[in-house]
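K.L.:
Show me the folded form of this:
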Amino acid sequence: MCNNAVTAYIGLGSNIGDREYQLNRAVELLKITEKTQVTLVSSYYNTAPVGYEQQPDFLNAVVEIRTSLSARELLSVCSGIEKELKRERIIHWGPRTIDLDILLYGCNIINDTDLVIPHPRMHERRFVLEPLNEIAPLVLHPVFNKTINEILEGFYE
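P.N.:
Take a look at the predicted model:
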């Protein structure tokens with residue numbers, strides 16, 4: 001399938017409209033992305049909003065993919081899926097039809113102005129850690145050098 005493929009994890013979230021449909025559609029669009037194969041999808045988790053709290057609850061999930069896309073190409077694919085599913089950026093951390101965040105891209109550490117991997121706040125977000133731990137508990141966070149399970153076990157709200 002993918003030569004020189006990397007395993008990456010993408011966080012999904014939706015709290016506008018049919019949340020389950022939005023997540024399902026985002027997964028389907030990832031499945032048909034050239035040079036990418038969806039290998040695992042977590043359960044869907046109903047979660048309270050974080051940051052801006054005056055909005056509906058989210059439905060969140062994490063998807064594992066194998067891809068030969070570069071991290072920047074994968075970011076472009078994720079942005080295209082958000083655009084197709086009518087994502088609007090009106091309020092920071094506000095309501096959205098869909099949100100796709102690259103959480104991990106292999107063991108790579110990227111710190112550009114528009115692309116930071118691992119996701120800089122994933123270790124602070126139970127709505128990311130729980131679904132990621134469901135499908136990848138032993139994956140190592142390349143900055144903290146801890147497994148996802150270890151980070152979740154040490155999580156304090």
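
K.L.:
Show me where the protein has its strands.
P.N.:
6-14, 36-41, 45-47, 58-67, 99-105, 110-111, 116-117, 140-141, 146-147 (DSSP state E).

K.L.:
and the second one with strand 6-14, angle?
P.N.:
Using axes from the mean of the first three to the mean of the last three C-alpha atoms, to 10 degrees, one finds that strand 36-41 and strand 6-14 are set 70 degrees apart in direction.

K.L.:
returning to that earlier point: with respect to residue 77, which of the strands of the chain lies nearest?
P.N.:
Between residue 77 and those, the shortest separation by C-beta to C-beta is 7.3 Å, and it involves strand 36-41. C-beta here means a position set from N, CA and C on the backbone, and glycine is covered the same way.

K.L.:
Return the list of helices and strands in contact with the closest one.
P.N.:
If you count contacts as 3 or more C-beta pairs under 8 Å, 6 or more residues apart in numbering; DSSP states H and E, strand 36-41 packs onto helix 19-31, strand 58-67.

K.L.:
The nearest residue to residue 100 once chain neighbours are set aside: how many residues sit nearby?
P.N.:
Ranked by C-beta to C-beta, 6 or more residues apart in numbering and with sequence neighbours excluded, the top spatial neighbour of residue 100 is residue 78, at 3.9 Å. Residues lying near residue 78 (other C-beta atoms under 10 Å) number 22.
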